[in-house]
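Asks: model the structure of this input:
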Amino acid sequence: MRHSVVPTAATWKFHNARGDVDEIEVTMRAQANTGDGVRALLVGGVGFGVLPEYQIAADVRRGALVKLCAGWIWKDVTLHVVLPSKRQPKCSWRRSWSSRIAATGISGRDDGIEGSR
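Replies: Here you go, the predicted structure:
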């Protein structure tokens, strides 16, 4: 399955930390237009897909999803957060955002393909 912004290519290319590249042929069974939609399809057992680790960390911990190709990365993505300056009042979402990311216990790298058990 795929997020609707992911190209519909029949082949997905992955790389690892050593620079090795591998390709897998995929047949799309479903698609969603949000990451949460893709996650719900994965947890529901529709197939396999790629999501950021922070989005599925709790599902992996509880055994609802498993890593199929740990160490292989589909795409490196850097997440940037723009926060208000110190002169502006503190936002409650800043603490919420930081604590949610910290609670995952991950570095923010996507480490592979996720699939349901």
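
Asks: which stretches of this structure form helices?
Replies: 35-43, 53-61, 92-104 (DSSP state H).

Asks: packing partners for the first one?
Replies: So the one you mean is helix 35-43. Helix 35-43 is packed against strand 2-3, strand 31-32, strand 48-49, helix 53-61, strand 114-116, with contacts defined by 3 or more C-beta pairs under 8 Å, 6 or more residues apart in numbering; DSSP states H and E. Placement of C-beta: from N, CA and C, glycine included.

Asks: go again using 6 Å as the cut-off
Replies: Helix 35-43 sits against strand 114-116, with contacts defined as 3 or more C-beta pairs under 6 Å, 6 or more residues apart in numbering; DSSP states H and E.

Asks: pLDDT of the strand it packs on, averaged?
Replies: The pLDDT scores in strand 114-116 average 47.

Asks: Thr27: neighbour count?
Replies: 6 (other C-beta atoms under 10 Å).

Asks: many thanks, I have nothing further to ask.
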